[in-house]
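Colleague: model this:
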Amino acid sequence: MRIARSSARRKRLFAVSGSAAITVLVVACFPLTGRAATSASQPDFGPNVYVFNASMPLSQIQATVDAVATQQVSNQFGTQRYALLFEPGTYGTSTNPLNFQVGYYTTVAGLGLSPTDVVINGSVYVHNQCFGSNNCTALENFWRSLSNLTINVTTPGFGCYSGEFWAVSQAAPMRRVQVNGLVTLMDYCTGPSFASGGFIADSAFTGSTVINGSQQQWLVRNSQLDGWTNGVWNQVFSGVVGAPAQCFPASSCGGPYTTLASSPVTREIPYLYVDANGNYNVFVPGAQNNTAGTSWSGGAMPGVAIPINKFFVAQPTDSVTAMNRALSTGMNLILTPGIYNLDQSINVTRPDTVVLGIGFPTLIPENGVVSMTAASAEGMSISGILFDAGPTTSPALLQVGSGHARSDNEASDPSALHDVFFRIGGAAAGSATTSLVVNSNNVILDDIWAWRADHGNGVGWTVNTADTGVVVNGDNVTAYGLFVEHYQKYEVIWNGNGGTEIFLQNEMPYDPPSQAAWMEAPGVDGWAAFKVGDTVTSFSGYGMGSYSFFNQGVPIYAAHAFEIPTTLPAGSLQDLLTIFLSTAGSGGILNVVNDTGGSSTIANPDTPVTVVSYP
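Modeller: Residues are numbered from 1 along each chain as shown. All right, here's what the predicted structure looks like:
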């Protein structure tokens with residue numbers, strides 16, 4: 001849970017008042033039926049995937065999406081999972097728009113080849129959750145997504161809530177979206193409006209400045225902006241047309257902004273689409289180098305379309321044996337919404353295999369197995385999956401590669417992980433030594449949230465145990481958006497050479513019971529959030545923040561937030577910060593990187609401590 005921080009640092013952009021009452025209609029939904037894909041034109045994604053087309057009565061669509069929202073908006077640790085898919089066409093009008101809220105574990109996506117193929121006149125929104133008087137925030141608005149469509153913002157009668165509100169925190173990506181009209185990433189209609197996001201990629205915003213407001217950090221990658229308002233601690237832009245100019249730390253130039261003109265290597269997320277003949281396919285974009293702006297603004301992007309009959313469409317009742325058999329024979333894998341209890345690892349063994357989750361499928365290992373392994377092969381894609389820890393400690397939840405050696409095609413055909421999330425506790429007690437291990441070279445990590453739960457079920461220092469969120473052993477790995485929080489030793493270990501990390505958001509564990517229980521080595525208090533291995537000779541990091549707050553009533557300190565070899569080239573790390581999150585608690589972080597940078601402790605709460613360049 002994010003700490004309710006002092007309001008003085010939160011920037012309210014303008015005064016607004018009033019709100020509109022939204023009538024929620026709960027009706028019988030119209031699920032797809034059956035278990036598996038039966039043909040190229042009529043795939044069967046199971047009972048929790050709703051496919052809409054523009055010929056359906058708008059009232060029927062509205063009633064269905066509202067019914068899902070009613071169940072999911074407050075369902076943080078529930079077992080229900082949904083996907084709301086829109087076939088090409090236009091939904092809603094200027095006088096009769098389609099407006100609906102997105103709750104937990106809900107995917108909203110267009111089924112066009114381009115985001116312009118699906119148009120919603122209305123809004124698809126996320127508001128604050130309120131937990132009593134003046135306690136309305138977006139700090140726990142996790143696990144939901146919006147992608148591959150155009151929104152013409154139309155919100156008549158919404159009062160204060162007029163606009164496209166996307167008030168989210170971690171694990172709530174927005175991808176391949178065109179938004180025409182006002183966009184806000186905070187819900188300023190109820191206070192105190194705190195938020196802790198977030199991630200946008202491959203999207204375009206026209207007709208209004210994006211209101212960042214109270215978002216303490218955010219990453220925007222390969223997108224187009226008409227403008228961006230203010231920042232709190234850490235705002236990073238990589239390959240974004242119209243991004244704010246570099247300005248870190250915050251000063252008279254604005255900020256705090258870390259701005260890279262282009263993204264070094266990208267591969268956009270695979271997505272479902274329906275072609276002109278009504279056939280379902282998955283489009284897998286190719287890799288691109290040194291890019292800025294959206295992948296789709298100039299027309300078709302490079303990539304390959306895979307027909308749906310080349311996928312094994314799995315539901316939670318399917319055995320891992322059946323999935324592995326399909327994968328071994330050259331099939332790809334779609335995981336439909338639900339909870340998958342795994343008695344063995346899902347093994348992805350063949351080059352260029354696509355594993356695509358829709359509706360936040362959640363994998364839970366039994367008997368300490370690794371939930372999924374991917375071989376050291378090029379071109380693999382894993383996306384849209386939530387990995388939960390099981391009750392028996394797993395060595396890892398997802399392991400990519402068994403060694404560094406791969407083919408000559410690895411740089412031109414990199415493997416990629418998109419919107420892959422990990423959870424240790426929260427829904428139930430669980431344990432894993434490491435959440436994600438990357439052993440292969442030339443892997444792209446694109447929006448990863450690894451979370452050792454600080455609230456929910458099965459939470460405690462000796463209950464939901466986990467050493468490290470992410471370990472990178474491969475060379476030339478590029479990460480955009482690592483969110484790694486509350487692990488009990490190093491949160492991220494980066495042992496590979498030639499790595500690039502663009503944006504890090506970290507919170508150290510809140511709950512070490514004593515300093516003696518949390519020591520990296522004798523005489524070294526705590527554990528660094530980000531450790532670059534001692535033998536690494538080349539690494540680049542941009543816009544990396546580590547936050548602390550210790551709530552056990554005793555002083556707890558971390559000697560360093562970042563530890564790197566001092567032999568790295570000058571300026572290997574750019575724009576670092578630490579911060580103590582609250583005016584309560586005790587202890588803090590004593591140095592930003594190695595023994596450089598001041599301390600962020602209870603003595604200077606809510607005050608960023610920065611290092612602009614190191615070494």
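Colleague: where is the longest helix in the chain?
Modeller: Determined from DSSP state H, the single longest helix within the chain is helix 58-72.
Colleague: residue 530 versus the most centrally placed residue in the chain, what's the distance?
Modeller: The structure's the chain has its C-alpha centroid closest to residue 171; by Cα atoms, centre = their mean the separation is 3.4 Å. Remark: distance between residue 171 and residue 530 (Cβ to Cβ, to the nearest Å) = 20 Å. To be clear about C-beta, it is placed using only N, CA and C from the backbone, and glycine gets the same treatment.
Colleague: then residue 256?
Modeller: To residue 530, residue 256 is 18 Å away according to Cβ to Cβ.
Colleague: which residues in this protein form helices?
Modeller: 58-72, 320-328.
Colleague: I'd like to know which elements the shortest one is packed against.
Modeller: When you say that, I think you mean helix 320-328. When contacts are defined as 3 or more Cβ pairs under 8 Å, 6 or more residues apart in numbering; DSSP states H and E, helix 320-328 sits against strand 311-314, strand 332-335, strand 346-348.
Colleague: between those, which one is closest to residue 477.
Modeller: In terms of Cβ to Cβ, the element of the helices and strands packed on helix 320-328 nearest to residue 477 is strand 346-348, at 17.6 Å.
Colleague: so what are the sheet partners of the closest one and their directions?
Modeller: According to DSSP bridges, strand 346-348 forms sheet pairs with strand 372-374 (parallel).
Colleague: residues touching residue 447, list them.
Modeller: Contacts for residue 447 (Cβ atoms under 8 Å, 6 or more residues apart in numbering) come out as 173, 199, 201, 418-420, 480-481.
Colleague: can you rerun that using 10 Å?
Modeller: 145, 170-173, 175, 198-201, 219, 221, 269, 383, 417-421, 479-483, 503 (Cβ atoms under 10 Å, 6 or more residues apart in numbering).
Colleague: with residue 73 instead?
Modeller: Listed by Cβ under 10 Å, 6+ apart, the contact partners of residue 73 are 24, 101-104, 106, 126-127, 129, 141, 144.
Colleague: filter the contacts of residue 447 down to just the ones in strands.
Modeller: Of the contacts of residue 447, the ones assigned to strands by DSSP state E are 145, 175, 199-201, 219, 221, 383, 417-421, 479-483, 503.
Colleague: rewinding a little: with distance to residue 334, mean pLDDT and mean neighbour count added, can I get the helices of the chain in TSV?
Modeller: Output for the helices of the chain, formatted as TSV (distance: least, Cβ to Cβ, whole Å; pLDDT from 0 to 100; neighbours: other Cβ atoms under 10 Å):
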stretch	distance to residue 334	mean pLDDT	mean neighbour count
helix 58-72	20	98	19
helix 320-328	10	98	16
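Colleague: got a list of contacts for the helix or strand bottoming out on mean pLDDT in the chain?
Modeller: Least confident helix or strand of the chain, by mean pLDDT, DSSP states H and E, is strand 228-229 with a mean of 94. By Cβ under 10 Å, 6+ apart, the residues outside strand 228-229 that reach it are 11, 13, 184-186, 205, 209-213, 218, 220, 235, 237, 240, 242-244, 254, 257.
Colleague: among these, which ones are buried?
Modeller: Neighbour-count burial (16 or more other Cβ atoms under 10 Å) applied to the contacts of strand 228-229 gives 184-186, 205, 209-213, 218, 220, 235, 237, 240, 242-244, 257.
Colleague: now do the closest residue to residue 184 other than its chain neighbours against residue 230, distance only.
Modeller: With sequence-adjacent residues excluded and distances taken as Cβ to Cβ, 6 or more residues apart in numbering, residue 184 is closest to residue 211, at 3.9 Å. Per Cβ to Cβ, residue 211 is found 9 Å from residue 230.
Colleague: what's the answer for residue 68, then?
Modeller: Distance, residue 68 to residue 230, using Cβ to Cβ: 33 Å.
Colleague: and what of residue 568?
Modeller: Computed as Cβ to Cβ, the residue 568 to residue 230 distance reads 32 Å.
Colleague: thinking again about what came up before, name the helices or strands packed onto the longest helix of the chain?
Modeller: Here helix 58-72 touches strand 49-52, strand 82-86, strand 89-91, strand 98-101, strand 106-110, strand 118-125, going by 3 or more Cβ pairs under 10 Å, 6 or more residues apart in numbering; DSSP states H and E.
Colleague: change it to 6 Å
Modeller: strand 98-101 (3 or more Cβ pairs under 6 Å, 6 or more residues apart in numbering; DSSP states H and E).
Colleague: please identify the pairing partners of the strand it packs on and their relative orientation?
Modeller: Strands adjacent to strand 98-101 in the sheet, as given by DSSP bridges, are strand 118-125 (parallel).
Colleague: next, the angle from the strand it pairs with to helix 58-72.
Modeller: Strand 118-125 runs at 40 degrees relative to helix 58-72, counting by axes from the mean of the first three to the mean of the last three Cα atoms, to 10 degrees.
Colleague: what angle do strand 118-125 and strand 106-110 make?
Modeller: Following the same axes, to 10 degrees, one obtains 150 degrees for the angle between strand 118-125 and strand 106-110.
Colleague: which ones are touching residue 579?
Modeller: By Cβ atoms under 6 Å, 6 or more residues apart in numbering, the residues touching residue 579 are 547, 600, 608.
Colleague: re earlier: buried subset of the contacts of residue 73, written for ChimeraX?
Modeller: Buried subset of the contacts of residue 73, written as a ChimeraX selection, criterion 16+ other Cβ under 10 Å:
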select :101,102,103,104,106,126,127,129,141,144
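Colleague: right, and the pair among the contacts of residue 73 with maximum separation?
Modeller: Spatial extent of those (Cβ to Cβ) is set by the pair 24 and 141 at 18.4 Å.
Colleague: just to revisit the earlier point, for residue 69, see how far away the residue nearest to residue 184 is.
Modeller: Residue 211 sits 23 Å away from residue 69 when distances are taken as Cβ to Cβ.
Colleague: kindly report the same for residue 418.
Modeller: 25 Å.
Colleague: burial count for the closest residue in space to residue 412 that isn't next to it in sequence?
Modeller: Of all residues beyond its chain neighbours, the one nearest residue 412 is residue 287 (6.5 Å), with distances taken as Cβ to Cβ, 6+ apart. Residue 287 has 20 neighbouring residues, counting by other Cβ atoms under 10 Å.
Colleague: report the beta-bridge partners for residue 287.
Modeller: Note on residue 287: beta-bridge partners by DSSP bridges are residue 267.
Colleague: isn't it right up against residue 268?
Modeller: No: Residue 287 is beyond contact range of residue 268, at 9.4 Å (criterion: Cβ atoms under 6 Å).
Colleague: now do the contacts for residue 109.
Modeller: For residue 109, the contacting residues are 85, 147-148, by Cβ under 6 Å, 6+ apart.
Colleague: list the contacts for the nearest residue to it once chain neighbours are set aside?
Modeller: In this structure, residue 109 finds its nearest non-sequential neighbour in residue 147, 4.7 Å apart by Cβ to Cβ, 6+ apart. For residue 147, the contacting residues are 109, 175-176, by Cβ under 6 Å, 6+ apart.
Colleague: do that again at 7 Å, thanks
Modeller: Going by Cβ atoms under 7 Å, 6 or more residues apart in numbering, residue 147 touches 109, 175-177, 271.
Colleague: pLDDT and distance to residue 324 added to these, as CSV?
Modeller: Compiled in CSV, the contacts of residue 147 are given as follows (pLDDT from 0 to 100; distance: Cβ to Cβ, whole Å):
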residue, pLDDT, distance to residue 324
109, 98, 27
175, 98, 29
176, 98, 31
177, 98, 35
271, 98, 24
